[in-house]
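[1] Generate coordinates for the sequence data below:
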Amino acid sequence: MAKRNEPEGALYVKLPSDAVDRLHRAAEVLGVHKKVLVAGLVNKYVDPDNQRSMSALGGLPPRPPYPQFPQFPQLPQRDEHAPIVGTHTFERYDDPDEPEVLTLTQTAKLLQVDDKTVLELAEAGELPGRKIGKHWRFSRAAVLAWLANGK
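    Numbers count the residues shown, from 1 in each chain. You can find the predicted model right below:
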């Protein structure tokens with residue numbers, strides 16, 4: 001059986017349903033985890049360095065061959081001094097088309113938070129803004145300065 005402090009490796013296998021059922025029932029009868037049961041069986045019966053052990057397992061059906069995967073085309077060798085060609089896109093956070101005076105929703109979008117957070121900060125006097133009637137308005141420059149300065 002595997003010792004508790006031994007390093008472990010992962011093994012993922014698909015077994016026939018009847019083998020899974022027998023393994024599950026045996027683990028239940030013995031009161032051990034299935035991984036402990038499998039490790040014990042491997043330690044007891046599988047020794048690739050022992051010909052007798054391997055002969056005893058020789059009656060097992062052979063493993064079907066692995067499916068052949070298509071070969072990926074080889075990329076051409078690149079001159080290490082040549083420039084790397086690619087693409088990149090940028091998304092501006094300080095879009096010049098944004099208005100100087102922002103609504104609550106626009107401010108939330110600028111700060112990348114929800115409307116409720118902006119409203120709570122504004123009502124607490126933490127975020128610079130003005131309430132005009134029942135609507136909040138924020139200066140884009142003041143909000144960015146507040147964000148940069150932490151004030």
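[2] helix/strand/coil for K109?
    The three-state assignment at K109 reads helix, by DSSP: H, G, I helix; E, B strand; the rest coil.
[3] What count of nearby residues applies to A10?
    4 (other Cβ atoms under 10 Å). All C-beta spots, glycine's among them, are computed from the backbone N, C-alpha and C.
[4] scratch that, A122
    Using other Cβ under 10 Å, A122 has 19 neighbouring residues.
[5] Next: L110.
    Close neighbours of L110, defined as other Cβ under 10 Å, add up to 19.
[6] Show me the domain layout of this structure.
    The record's domain parsing of the chain by automatic domain parsing lists 17-56, 101-149.
[7] Deepest in the core, which of those domains is it.
    Among the domains of the chain, domain 101-149 has the highest mean neighbour count (mean count of other Cβ atoms under 10 Å), at a mean of 15.
[8] where's that one relative to the chain centroid, distance-wise?
    34 Å (Cα atoms, centre = their mean, to the nearest Å).
[9] quick one: low-confidence parts of this structure?
    1-5, 57-76, 84-97, 150-151 (pLDDT under 70).
[10] again, only using 90
    1-100, 148-151 (pLDDT under 90).
[11] Turn the domains of the chain into CSV, including distance to D79.
    Listed next are the domains of the chain as CSV, based on distance: least, Cβ to Cβ, whole Å:
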stretch, distance to D79
domain 17-56, 47
domain 101-149, 42
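[12] how about those domains, which one is nearest G9?
    Closest approach to G9 among the domains of the chain is made by domain 17-56 (10.5 Å; Cβ to Cβ).
[13] how long is that closest one end to end?
    With Cα to Cα, to the nearest Å as the measure, the ends of domain 17-56 fall 24 Å from one another.
[14] Return the distance of the residue lying farthest from the centre of the chain relative to N149.
    Distance from the C-alpha centroid of the chain, by Cα atoms, centre = their mean, peaks at G133 (46.6 Å). Between G133 and N149 the computed distance is 29 Å (Cβ to Cβ, to the nearest Å).
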